[in-house]
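**Student:** coords below, sequence missing:
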């Protein structure tokens, strides 16, 4: 299922349901680096209203992970051939990065609070990634996306491992969950 391509071409018109955060695997990786796993395995479908929908995985049909946000943390989940799709919402200036290391990929939703220390969590995660031998292969900023398009009220990102590349789309969404702006990045490896 070429989810990112369908979102980028707006064949899928927006973003729908997501799992509740209390379902997350919430496991610290490094408190000193403010880095943790915080995700939920999900089944990814297209709703009757033609929106990407993520529901808690109920069995072997797992297609991906929903990556949750948390203030003052970089939240991470693994992306591989078993769960090749990562969906994350709630961006409002946060950064999204994909790293490669140890035979897998790691997607990260990195909190960027306003003010002089906005990139502190980004630097902490980059340091953690360096210590783990992870190589950054994508960086998708979200700062200013909502303000640049008056119809946009939210930002979601979907990243997919397809063959020998990572395909990522940043969606600016209106208050109905419909896409009003798309930014796509494809990185071969």
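**Tutor:** Happy to help now that I have it. As the structure is a computational prediction, the values presented were derived from the model and not from experiment. Numbering: from 1, shown residues only.

**Student:** beta partners of the residue nearest the centre of the chain?
**Tutor:** With distances taken as C-alpha atoms, centre = their mean, the chain has residue 88 as the residue nearest its mean C-alpha position (3.7 Å). Following DSSP bridges, residue 88 is listed with bridge partners residue 157.

**Student:** isn't it right up against residue 64?
**Tutor:** No - taking contacts as C-beta atoms under 8 Å, residue 88 lies outside contact range of residue 64: 10.5 Å. Bear in mind the C-beta positions are built from the backbone N, C-alpha and C, glycine included.

**Student:** circling back to that earlier point, list the contacts of the residue nearest to the centre of the chain.
**Tutor:** Contacts here follow C-beta atoms under 8 Å, 6 or more residues apart in numbering; on that basis residue 88 touches 66, 67, 68, 69, 96, 107, 109, 156, 157, 158.

**Student:** same check on residue 113?
**Tutor:** Residue 113 touches 71, 72, counting by C-beta under 8 Å, 6+ apart.

**Student:** what about residue 97, distance to residue 64?
**Tutor:** Computed as C-beta to C-beta, to the nearest Å, the residue 97 to residue 64 distance reads 17 Å.

**Student:** quick one: least confident helix or strand in this structure?
**Tutor:** Here the helix or strand of the chain ranked lowest by mean pLDDT, DSSP states H and E is helix 145-148, holding a mean of 87.

**Student:** pull the distance from that one to the chain's centre.
**Tutor:** 18 Å (C-alpha atoms, centre = their mean, to the nearest Å).

**Student:** contacting residues around that helix?
**Tutor:** Contacts of helix 145-148 (C-beta under 8 Å, 6+ apart): 91, 92, 152, 153, 154, 155, 170, 172, 181.

**Student:** try it again at 10 Å.
**Tutor:** 91-93, 152-155, 170-173, 181, 183 (C-beta atoms under 10 Å, 6 or more residues apart in numbering).

**Student:** so which of those residues is the most crowded?
**Tutor:** Neighbour counts for those (other C-beta atoms under 10 Å) peak at residue 171, which has 28 neighbours.

**Student:** pLDDT score for that residue?
**Tutor:** The per-residue pLDDT reported for residue 171 equals 97.

**Student:** so it touches residue 8, yeah?
**Tutor:** Yes - here residue 171 reaches residue 8: they are 8.9 Å apart, a contact under C-beta atoms under 10 Å.
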